[in-house]
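S.K.: missing the sequence, but the structure's below:
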């Protein structure tokens, strides 16, 4: 039997008031087997086209970037943001989609109330407040129709809310790193696939316009990649006051994740080995048993070797919020990208000399005196929500929209590096303190991940090659 043709669509819907928009979407989705009528009926004007969001975690990033982004979405929708991420072909389709921040949850009532008050000041809407050790559980019970749980909890507390949301049938937008264990990454991916739900990871460095230029243009000019360096150095206050959980993480896990994902997005080459070392000198003076800095070298299948350098002890009087940049040397050239020194600089009496990154997030004044919140920090959230809209309103599968956003499968590569680097780092730290050097590495292969420790040679092959994961990356 022939497939349904455009003329047939016109005949079917001409007498049905209000279905013209749905018919156009259906025709656009037509293939050799005809039209997805389920998608057509899901997009009828009578349907409540709302994306209901809850935010778990409202600290430095959740309470700023996420909360501000969802405030703009609640007031004006997503259509105006789509051109920034190359998805403006859906601007008309998504114009009627509404967004609602239904709830905000944090560990303490004080921070949850603060987020609620800020959101009300921006939008006039007051999301419900939840707080406690696992407040997302109550949210998922109270909002069985929740579309998205945004996870901005501490690094070591991402997996629980992600899995809970997926079990309840909600999509997820999570901060990086997705989790800290490769086994947990597999569990998240399996749950997302089983429920046809999206787990979008906020890897916003992918959307920095400088990085997009490297990905789409410059990396092709410089030839096969040889080696490079990526660094991000955070202020001391992050480790001593902003976050209370630094002893459960480290600078590489916290911000190195951005760079590992960025390099992977450039070349789509998987790791084959790594080595890692770390130092503990500054934070221990404040009674904090955490690494000041971590350096990780990763070797990739394509022969490229990248050094990742991260710390969170930069003095408070440094001229920028963070120091960051990367460079890659290729067989035919080199690219350097300094994300701290963008050329925007000022100084004033009593304020010292300062620089700023106006590309990450910035406020744009509206005629009514309110301020829009835009930048690549928001773009990373936009692409995940756009994919979720496609799944909910156009009947797309998660596989069909996987090229729109940083996926859980992509994040698994970074999680594997974080997991292995933490083990290698701790062993090398121990051996360095014992005067035994830093010989430990990790090997990634078709048989999984092994920690290679020459100092355990007396135990035989099982001591030297300790498997921590049994599947290929």
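M.R.: The structure has been received and is ready for your questions. Because the structure is predicted, anything quoted here is derived from the model rather than measured. Residues are numbered from 1 along each chain as shown.
S.K.: what about the helices in the stretch 301-450 of the chain?
M.R.: 376-394, 408-433 (DSSP state H, counting those that start in this stretch).
S.K.: Make JSON lines out of those and add mean pLDDT.
M.R.: Output for the helices of the stretch 301-450 of the chain, formatted as JSON lines (pLDDT from 0 to 100):
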{"stretch": "helix 376-394", "mean pLDDT": "97"}
{"stretch": "helix 408-433", "mean pLDDT": "98"}
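S.K.: looking at those helices, which is buried most?
M.R.: Across the helices of the stretch 301-450 of the chain, averaging neighbours per residue (mean count of other C-beta atoms under 10 Å) puts helix 376-394 on top, at a mean of 23. (C-beta placed from N, C-alpha, C; glycine too.)
S.K.: Mind checking the helices of the stretch 301-450 of the chain for the one nearest to residue 312?
M.R.: Nearest of the helices of the stretch 301-450 of the chain to residue 312, taken as C-beta to C-beta: helix 408-433 at 14.8 Å.
S.K.: Check the offset of the closest one from the chain's centre.
M.R.: Here the centre of helix 408-433 is set off from its chain's centre by 19 Å, with C-alpha atoms, centre = their mean, to the nearest Å.
S.K.: partner residues bridging residue 52?
M.R.: residue 100 (DSSP bridges).
S.K.: I figured it hits residue 150, correct?
M.R.: No: counting by C-beta atoms under 8 Å, residue 52 stays clear of residue 150, with 11.4 Å between them.
S.K.: the more surrounded of those two?
M.R.: residue 150 (29 against 17; other C-beta atoms under 10 Å).
S.K.: what about that one, is that helix, strand or coil?
M.R.: strand (DSSP: H, G, I helix; E, B strand; the rest coil).
S.K.: Next, please give the residue ranges for the helices of the stretch 101-250 of the chain.
M.R.: Counting by DSSP H, counting those that start in this stretch, the helices of the stretch 101-250 of the chain are 109-123, 135-142, 159-167, 182-195, 209-213, 219-221, 236-237.
S.K.: buried sites along the longest one?
M.R.: The neighbour-count criterion (16 or more other C-beta atoms under 10 Å) identifies 111, 112, 114, 115, 116, 118, 119, 122, 123 as the buried residues of helix 109-123.
S.K.: how about the nearest residue to residue 293, chain neighbours excluded?
M.R.: residue 311 (3.6 Å; C-beta to C-beta, 6 or more residues apart in numbering).
S.K.: got the contact list for the one you found?
M.R.: 233, 234, 251, 292, 293, 294 (C-beta atoms under 8 Å, 6 or more residues apart in numbering).
S.K.: can I assume the fifth one is in contact with residue 277?
M.R.: Read it as residue 293. No: counting by C-beta under 8 Å, residue 293 does not reach residue 277; the two are 9.1 Å apart.
S.K.: hang on, the earlier thing: quick one, which of the helices of the stretch 101-250 of the chain is nearest to residue 336?
M.R.: Among the helices of the stretch 101-250 of the chain, helix 209-213 sits nearest to residue 336 (C-beta to C-beta), with 10.3 Å.
S.K.: Name the residues of the closest one that come out as buried.
M.R.: 210, 211, 212.
S.K.: In CSV, list those residues along with distance to residue 307 and pLDDT.
M.R.: CSV is the format used below for those (distance: C-beta to C-beta, whole Å; pLDDT from 0 to 100):
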residue, distance to residue 307, pLDDT
210, 20, 97
211, 18, 98
212, 23, 97
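S.K.: Out of those residues, which comes closest to residue 320?
M.R.: For those, the nearest to residue 320 is residue 210 (15.7 Å; C-beta to C-beta).
S.K.: Quick check: closest non-adjacent residue to that closest one.
M.R.: residue 337 (5.2 Å).
S.K.: Quick check, residue 164 in contact with residue 135.
M.R.: No: the pair formed by residue 164 and residue 135 falls short of the contact definition of C-beta under 8 Å, at 10.7 Å.
S.K.: So which of the two has more stuff around it?
M.R.: residue 135 (23 against 20).
S.K.: Contacts only, for residue 338.
M.R.: residue 325.
S.K.: circling back: distance of the residue nearest to residue 210 relative to residue 467?
M.R.: 37 Å (C-beta to C-beta, to the nearest Å).
S.K.: next one: residue 273
M.R.: 15 Å.
S.K.: For those two, work out which one has more neighbours and name it.
M.R.: residue 273 (17 against 12).
S.K.: is it true that that one lies in a helix?
M.R.: No: going by three-state DSSP, the assignment for residue 273 is strand, not a helix.
S.K.: Could you pull up the contacting residues of the residue lying closest to it once chain neighbours are set aside?
M.R.: Leaving aside its chain neighbours, residue 273 sits nearest to residue 299 (4.7 Å; criterion: C-beta to C-beta, 6+ apart). Neighbour list for residue 299: 271, 272, 273, 274, 305 [criterion: C-beta under 8 Å, 6+ apart].
S.K.: The second one contacts residue 446, correct?
M.R.: No: judged on C-beta under 8 Å, residue 272 makes no contact with residue 446 at a distance of 10.6 Å.
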